[in-house]
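Student: Here's a sequence, model it:
(one chain, ligands or ions: 1)
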Amino acid sequence: MTQTMEHTTTTSDVFPVKGVDYLQFLVGNAKQAAHYYSTAFGMTCVAYRGPEQGYRDHAEYVLVSGAARFLITGAVHTGAPGAEHVVKHSDGIYDIALEVPDVDAAYLHAINAGARGVSEPYDVKDEHGTVRIAAIATYGDTIHSLVDRSGYDGPFLPGFVTRAPIVSPPEKRYFQAVDHVVGNVELGKMDEWVEFYGRVMGFTNMAEFIGDDIATDYSALMSKVVADGSRKVKFPLNEPAVSKRKSQIDEYLEFYGGPGAQHIAIATNDIIRSVDAMVAAGCEFLDTPDSYYDDPTLRARIGKVRVPIEELKKRKILVDRDEDGYLLQIFTKPVQDRPTVFFELIERHGSLGFGKGNFKALFEAIEREQELRGNL
Ligand SMILES: [Fe+2]
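Tutor: Residues are numbered from 1 along each chain as shown. From the prediction side, this is the model:
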């Protein structure tokens, strides 16, 4: 036990991270995507960069909700960097950027540990100061930028200008932060990526699910969670498990064209209000069967939660409890035409888990959607 704890301390110190800096979406139409995240997710557009600022390749919108920051990038001509990413994957997450205190040390450590470099450390500057950035590759075509913005006070990164919100921001934001980002990798690759995050970033296993726990009649997956020492950055990693019919992870891999980020969990402190607002704005959530709420063992399993079960049932919000507390969660349907990237809203009350107790109910709901798409 002592040895494990010493190991954790040592390895997490080799690659300190402050948190997720931003998530970059490469999309076919950044203007419309920025509008969607403003209206349906209640995010506020705070910065922009494009041809008007002399950047000939992209239009880029920065949207925030509390500490969560999305960079929405669209190519403005065929040969622009990232345009082929959209051709291959459609709208998807390209960069899970991490804020680090020392870009050079983090990059050097990652490269020495066998990570593939995407860009060596460099400075970007404008009148607001300097940001130092590097980037390394992770699963599929996804990257991790490493960002030190301690010497910068502009609206996002050098070159971006402040811009007015696209629509009036909601009275109360729908979510406060990115809770976790999940990656889907190929069959047999999950442990390789768990090992990668251990070796390259000193991340340790936080929780572990095995296939049997979360298998349903038709599909199954394996999932493990890695996190930094402070548990601010949490990356669950999924791979398909052998099953009778096509796993939801296989469906993702087929339609995304390889491994990639599957879902982003966003932390809210009022899931009822957020779901109501998002539904009113046209956001679609996965259905949960009434039987989930009518199950007499549910009340015993979850104990007392802040919201009456009837209110959860009305909105199809799931609840799970472990030894540390409980959590409320709900999942959106995919947010683009392809059955790939989706979101989770999570309201935590002590629990550090990921809703393991809900996986079966959730996967059955996903499978009903897969069946409707003819992909089961
Ligand atoms: Fe999740």
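Student: residue ranges for the helices of this protein, please.
Tutor: Ranges of helices in the chain, per DSSP state H, are 2-13, 30-39, 83-89, 103-112, 190-201, 211-214, 248-256, 271-280, 290-294, 296-302, 309-315, 359-372.
Student: Would you mind listing where the stretch 1-150 of the chain has pLDDT under the threshold?
Tutor: 1-12 (pLDDT under 70).
Student: For the protein, what lies in contact range of the ion?
Tutor: By CB under 5 Å from the ion, the residues of the chain that approach the ion are 265, 344. Glycine gets a C-beta too; all of them are placed from N, C-alpha and C.
Student: same thing but 8 Å
Tutor: Listed as neighbours of the ion in the chain under the rule CB under 8 Å from the ion: 179-180, 182, 236, 263, 265, 329, 331, 344, 346, 354-355.
Student: By pLDDT, give me the weakest of the residues you listed.
Tutor: The member of these with the lowest pLDDT is Gly355, at 86.
Student: Quick check: can you list the domain ranges of the chain?
Tutor: 19-162, 173-373 (automatic domain parsing).
Student: How far off centre is the longest one?
Tutor: Just to be clear, that refers to domain 173-373. With CA atoms, centre = their mean, to the nearest Å as the basis, domain 173-373 stands 11 Å off its chain's centre.
Student: Serialize the helices of the chain to CSV and add fields for mean neighbour count and distance to Tyr122.
Tutor: Putting these into CSV (neighbours: other CB atoms under 10 Å; distance: least, CB to CB, whole Å) gives the following:
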stretch, mean neighbour count, distance to Tyr122
helix 2-13, 11, 25
helix 30-39, 19, 24
helix 83-89, 17, 21
helix 103-112, 18, 9
helix 190-201, 19, 20
helix 211-214, 15, 42
helix 248-256, 22, 30
helix 271-280, 18, 38
helix 290-294, 14, 50
helix 296-302, 12, 50
helix 309-315, 15, 46
helix 359-372, 18, 41
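Student: could I get these as JSON lines with distance to Ala97?
Tutor: Converted to JSON lines, those look like this (distance: least, CB to CB, whole Å):
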{"stretch": "helix 2-13", "distance to Ala97": "19"}
{"stretch": "helix 30-39", "distance to Ala97": "17"}
{"stretch": "helix 83-89", "distance to Ala97": "16"}
{"stretch": "helix 103-112", "distance to Ala97": "11"}
{"stretch": "helix 190-201", "distance to Ala97": "13"}
{"stretch": "helix 211-214", "distance to Ala97": "30"}
{"stretch": "helix 248-256", "distance to Ala97": "20"}
{"stretch": "helix 271-280", "distance to Ala97": "24"}
{"stretch": "helix 290-294", "distance to Ala97": "36"}
{"stretch": "helix 296-302", "distance to Ala97": "35"}
{"stretch": "helix 309-315", "distance to Ala97": "32"}
{"stretch": "helix 359-372", "distance to Ala97": "28"}
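Student: what's the closest of the ones you listed to Val242?
Tutor: Closest approach to Val242 among the helices of the chain is made by helix 211-214 (8.2 Å; CB to CB).
Student: Mind checking the pLDDT average for the closest one?
Tutor: On average, helix 211-214 scores 57.
Student: same deal with stretch 360-373?
Tutor: Across stretch 360-373, pLDDT averages out at 79.
Student: Which residues does stretch 303-322 contact?
Tutor: By CB atoms under 8 Å, 6 or more residues apart in numbering, the surrounding residues in contact with stretch 303-322 are 271-272, 275-276, 279, 285-288, 290, 292-293, 298-299, 301-302, 326-330, 349, 351-353, 355-358, 361-362.
Student: how long is it from one end to the other?
Tutor: When the termini of stretch 303-322 are compared using CA to CA, to the nearest Å, they are 10 Å apart.
Student: Just the ones of the residues of the chain next to the ion in strands?
Tutor: Residues of these located in strands (DSSP state E): 179-180, 182, 236, 263, 265, 329, 331, 344, 346.
Student: Dump the residues you listed into JSON lines; add neighbour count as well.
Tutor: JSON lines is the format used below for these (neighbours: other CB atoms under 10 Å):
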{"residue": "Asp179", "neighbour count": "23"}
{"residue": "His180", "neighbour count": "21"}
{"residue": "Val182", "neighbour count": "20"}
{"residue": "Pro236", "neighbour count": "22"}
{"residue": "His263", "neighbour count": "23"}
{"residue": "Ala265", "neighbour count": "23"}
{"residue": "Gln329", "neighbour count": "23"}
{"residue": "Phe331", "neighbour count": "21"}
{"residue": "Glu344", "neighbour count": "21"}
{"residue": "Ile346", "neighbour count": "23"}
